[in-house]
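>>> 3D, please:
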Amino acid sequence: MYMLRKLRPKHGIGTVTIGISFLSGTDDSNTVLRGEASDVDIVNRDKEYELFSQMYSDRESYTWKERLSLMWRRDEYDTFSPELDQVYQSTLGALFLGGIYGVYAESRVATMNFLEKNKYEMFKHPKEAQLALQDRAHIAYIKGFVKYGSKLSILCFLYSGVAQSMACIRNYVNPLDHVVAGAVMGAVYRFNMGPKGMIGGGFLGGVLGLPAGICFWLAQYLTGETVEERWKREFLHSRNIIAAKGEEAAAKDLRREIIDEKKVEWKESDEDSTWLRRTIIELRLWAEKNGYLPRPPLSSDEADKQLSNERTNLSK
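Below is the predicted model of the structure:
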């Protein structure tokens, strides 16, 4: 998906059109054919970077829609914004924790079922029983990780995504935002139980989200840092990391050494060719002057000039 937004700051800054790509690649072939600036153009990237820097420095001057679009975006290096990166990291952590719990729970159930079903069955060798149990345990590992990991990661994405979006809209942390996020998470969790189950799950999620929101608000208050200051710091930190990685990659690029070697070779060859060319020209002029080589034919302008010079000499 490729969206074009026009962000209009309130303090006399001109309108700038920027390209925002989110969660998918962008196809710039049609844009290039139309002669427009694409998000791979260096000039366009610099404009986007300047605009984003200004937006993070003065978030109050922008509307809630513009602050929300600032969060749900990817930059020119295909990395998430600082706000969205926090949601992404929380989702990955939930996926990992849920997967670990699912592996433990499903493997425990699979082991108990295997022992219960094969209590009175005689195996020819203990190794045969161990292999059969291992097969069932491996299946339980995959099943448990996918089942619990995906469920917990989806719920965490909904909660953190809604709470972070509400904080971007308000431009400050409010415990009621977490109530809304908990209600959305609870309603989705009880989606398979119909409208009544969704209402009950949403109510319970909202109740549980209130103390979580209070904890987030207290943590923000104790740090003494506003939402605007925090995300500006995170944005500058991410840009510094990207710049450092780019300089490191450029320093390790072998093509730079090849280009430097070619420059030295070209410089030396130019110096040699200059001396040789000067010598050849002097020899050719000496041969033409003494009649050993025919002189090249003159153009009409040169012939007229030479004729006027001869007439001037005769008149003298």
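>>> mind listing the strands for the stretch 101-250 of the chain?
Assigned strands in the stretch 101-250 of the chain: none (criterion: DSSP state E, counting those that start in this stretch).
>>> domain parsing for this structure?
Here the domain parsing of the chain from automatic domain parsing is 2-71, 270-315.
>>> let me see the mean pLDDT of the longest one.
Domain 2-71 shows a mean pLDDT of 59 in the predicted model.
>>> start the count at 698 instead of 1 going forward.
Sure thing, new numbering starts at 698, so read that last one as domain 699-768.
>>> can you list the neighbours in contact with stretch 880-890?
851-852, 855-856, 859, 894-903, 905-906 (C-beta atoms under 8 Å, 6 or more residues apart in numbering). For glycine as for every other residue, the C-beta is placed from the backbone atoms N, C-alpha and C.
>>> okay, and which of those residues map to helices?
Counting by DSSP state H, those place 851-852, 855-856, 859, 894-903, 905-906 in helices.
>>> can you give me the helices for this protein?
726-730, 739-754, 761-768, 779-814, 823-867, 872-886, 891-920, 924-949, 951-986, 997-1012.
>>> adding mean neighbour count, write those out as a markdown table.
As requested, the helices of the chain are exported to a markdown table (neighbours: other C-beta atoms under 10 Å):
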| stretch | mean neighbour count |
| --- | --- |
| helix 726-730 | 12 |
| helix 739-754 | 15 |
| helix 761-768 | 18 |
| helix 779-814 | 17 |
| helix 823-867 | 17 |
| helix 872-886 | 22 |
| helix 891-920 | 15 |
| helix 924-949 | 13 |
| helix 951-986 | 10 |
| helix 997-1012 | 9 |
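>>> weakest of these by average pLDDT?
In terms of average pLDDT, helix 726-730 trails the rest of these, at a mean of 40.
>>> which ones are touching Pro872?
Shown in contact with Pro872 (C-beta under 8 Å, 6+ apart): 907, 910-911, 913-914.
>>> what about the closest residue in space to His934 that isn't next to it in sequence, distance to Ala916?
The shortest distance from His934 to any non-neighbouring residue, by C-beta to C-beta, 6 or more residues apart in numbering, is to Pro779 (8.0 Å). To Ala916, Pro779 is 17 Å away according to C-beta to C-beta, to the nearest Å.
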